[in-house]
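Enquirer: turn this into a model:
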Amino acid sequence: MSANVGSIDRILRVIIGLVMIAYAIPIGFSSTGWNWVGWIGVIPLATAAFGFCPLYTIFGMNTCPRK
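Expert: From the prediction side, this is the model:
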């Protein structure tokens, strides 16, 4: 499993993941029946932490600079 997520991509994934989780908790967002959807934000956080995105592998994408 080699890294395929670059640094800018990681930063964006962390921001998106944290906003989604904040929606789920809800911090600063109104409570709706759909707040559970925000827990999907764990996925971008995990892919940012590991630096690997399985969908990038399927589609042949790579945002990590070549070494």
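
Enquirer: next, the buried residues of the helix or strand harbouring G17.
Expert: Using DSSP states H and E, G17 maps to helix 7-24. By neighbour count on 16 or more other Cβ atoms under 10 Å, the buried set for helix 7-24 is D9, R10, R13, V14, G17, V19, M20, I21, Y23, A24. Just so you know, the C-beta spots here come from the backbone N, C-alpha and C atoms, and that holds for glycine as well.

Enquirer: what's the answer for stretch 49-65, then?
Expert: Those would be G51, F52, C53, Y56, N62, C64, for stretch 49-65 by 16+ other Cβ under 10 Å.

Enquirer: skipping its backbone neighbours, what lies nearest the third one in space?
Expert: With sequence-adjacent residues excluded and distances taken as Cβ to Cβ, 6 or more residues apart in numbering, C53 is closest to T47, at 4.6 Å.

Enquirer: pLDDT below threshold where in the chain?
Expert: The chain contains residues with pLDDT under 70 at 67.

Enquirer: report the central residue of it.
Expert: For the chain, the residue nearest the mean C-alpha position is P44 (1.4 Å; Cα atoms, centre = their mean).
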